[in-house]
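J.: Can you look at this prediction? I've put the sequence above it.
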Amino acid sequence: MMSKRQYILFFLSGLVLFVGTIAQAQDNSDIDKIAASQAGSSPLLFTVPDDKVPPVVPGSFFDDNECKVRLGIPNLLYKAKSGEEITVAFIGGSITQSRDSYRMQTARYMQNRFPKATCNWVNAGVSGTGTDLGAFRIGEQVLCYQPDLIFIEFAVNGAYKPGMEGMVRQIIRANPHTDIILIYTIQNGQTAVYQGGGVPDNIQGLEHIAEHYGLPSIHLGMEPAALEAQDKLVWKSQKPEVGDRIRFSRDGIHPTKAGGDLYAAAIARAIEKMYNAGTAMPHDLPAPLITDAWEDARMYDPKQIAVFDTDWKSLETKESALKQFQGWFDEVVTAGKPGASFTFFFEGDRFGFFDIGGPEVGQLSVWINDRPIGVKKIAERGYRLWEVSSTETDTVLNRFNRYCNNRYRGQYDVIQLQPGRHKVSLKISPAQANKREILGFGRLEDITENPEKYDRSVIYLGKILLRGRPLSEKDW
């Protein structure tokens, strides 16, 4: 029999294991909510409607650590105070893409705060994606608009630090007068970290980047955490009525309008704190903190860099069932015949695809330098990365996943190679994935009622992702 001390140690070890299991389940649940949040794209350019909604106010909350000013945003403020035209961009995940999670309230506040300035607004939020895809798409979706200020929000979407640094370095290289603010949203359980006087681990990593480049950063979750501690806020509730408390979110991640007002109020306080900080000047580009490899990340129109066989056709999204994605893809290149192929050449070490998933999508066989390869997933959370593997393992890149149940969604994957020059060929595989198994229990109603929708192998290719540069065949 166990002694009393042994019993206590056994009980405590079991408790730790139980809590860890619950925490892991919570993390997986949050990842699912982020990934499943996408319903389509949003227009990249947006306006603040004249709907008589009053702007948020900074409010009375104060914590000196809420905003780290560092070098501030003096270039934006100089133009805004002078009544010049300014362009402000937001890039992030679903919290940024959403209309009322903070973005629209922030734009309304800034437009009211700088009434003489003509304001242009860019929404480069893509639900369910992280800084890796952000680094690939920031050139086309943000930098081409020559923004004066960029808010970057990716804390709950993996907070992949090399991708974040890549975005920062791309911004400074494109225009050193562009100001940057890192904003940190939070998810289930992280209010407790702030209540205890700490900073969530994922945000600590991003703070190192902000410090290295002298960028201001804002902890949007501090006031909600304080209100929750005072029993004035419910972080997560499916019920719309929570008494006289604020219901911050329905799912623990995506703010309601009231939650978004709190996030935007933190940004308003930060702008006031930075109002007279710094002198307008170009940002320096120091040696990288982690890596400069993501400076070379870009996304390309497939027809500009790839050669397709005759089975592939261009499809304008606005004239199709995929019209909800026209904000990201004017058109996609599509085929549904096994063996349909395309080829491109590049110099670098990463390639991938930003495409559209749905019930009918299939699998791609991958050929590198005229040899078939296998692929093996080596990262998921925050960085969707595959590596070349033996052909005895998976030999296809499956474009169908458990979120493709009777719906279309943007998605992406990246495959790493050794640095060098590569010929990449992709073919639609004749082998079909076990879509019922992928969907899993609880997602089988539509595939059972409409099996013909799923019994196909279609590809909808929106963009080719390269970390490197495209080559012509003669340069390979």
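T.: It's in. Computed from a predicted model, the values in this text were never measured in an experiment.

J.: What's the mean pLDDT across the helix or strand containing Leu466?
T.: Following DSSP states H and E, one finds Leu466 within strand 459-471. Summarised as a single mean, pLDDT over strand 459-471 is 98.

J.: can you check stretch 163-175 too?
T.: Mean pLDDT, stretch 163-175: 98.

J.: who touches that stretch?
T.: Here stretch 163-175 makes contact (C-beta atoms under 8 Å, 6 or more residues apart in numbering) with 91, 130-132, 134-135, 138-139, 143, 146, 150, 152, 154, 178, 180, 182, 206, 209, 213, 215, 283-285, 288-295, 297, 382-383. Where you see a C-beta, it was placed from the backbone N, CA and C, and this is true even at glycine.

J.: and the strand holding Leu466, what other elements does it pack with?
T.: helix 131-141, strand 297-300, helix 302-305, strand 331-335, strand 341-357, strand 409-428 (3 or more C-beta pairs under 8 Å, 6 or more residues apart in numbering; DSSP states H and E).

J.: in its sheet, what does it sit against?
T.: strand 297-300 (antiparallel), strand 331-335 (antiparallel), strand 341-357 (antiparallel) (DSSP bridges).

J.: Quickly note the distance from the closest residue to Ser314 other than its chain neighbours to Thr185.
T.: With C-beta to C-beta, 6 or more residues apart in numbering as the criterion, Ser314 has its nearest non-adjacent residue at 5.1 Å, and that residue is Glu331. Distance, Glu331 to Thr185, by C-beta to C-beta, to the nearest Å: 33 Å.

J.: Between those two, which has more neighbouring residues?
T.: Neighbours were counted for Glu331 and for Thr185 using other C-beta atoms under 10 Å; Thr185 has more, 27 against 19.

J.: show me where the stretch 1-150 of the chain has helices.
T.: 4-35, 74-81, 94-97, 103-113, 131-141 (DSSP state H, counting those that start in this stretch).

J.: How about residues contacting the second one?
T.: Judged by C-beta under 8 Å, 6+ apart, the contacts made with helix 74-81 from elsewhere in the structure are 85-86, 88, 110, 113-114, 117, 148-149, 177-179, 274-275, 277-281.

J.: Same check on the fourth one?
T.: Helix 103-113 has contacts (C-beta under 8 Å, 6+ apart) with 46, 48, 53, 55-56, 80, 88, 90, 96, 117, 119, 121, 123, 125, 151, 260-261, 263-264, 267-268, 271.

J.: Narrow those to just the buried residues.
T.: 46, 48, 55-56, 80, 88, 90, 96, 117, 119, 121, 123, 125, 151, 260-261, 263-264, 267-268, 271 (16 or more other C-beta atoms under 10 Å).

J.: correct me, but Leu315 touches Phe325?
T.: No - assessed by C-beta atoms under 8 Å, Leu315 is found out of contact with Phe325, at 10.7 Å.

J.: joint contacts of those two?
T.: With C-beta under 8 Å, 6+ apart as the test, Leu315 and Phe325 both reach Val332.

J.: out of these two, which sits in the more crowded spot?
T.: Neighbours around Leu315 and Phe325, counted as other C-beta under 10 Å, are more numerous at Phe325. The numbers are 23 against 16.
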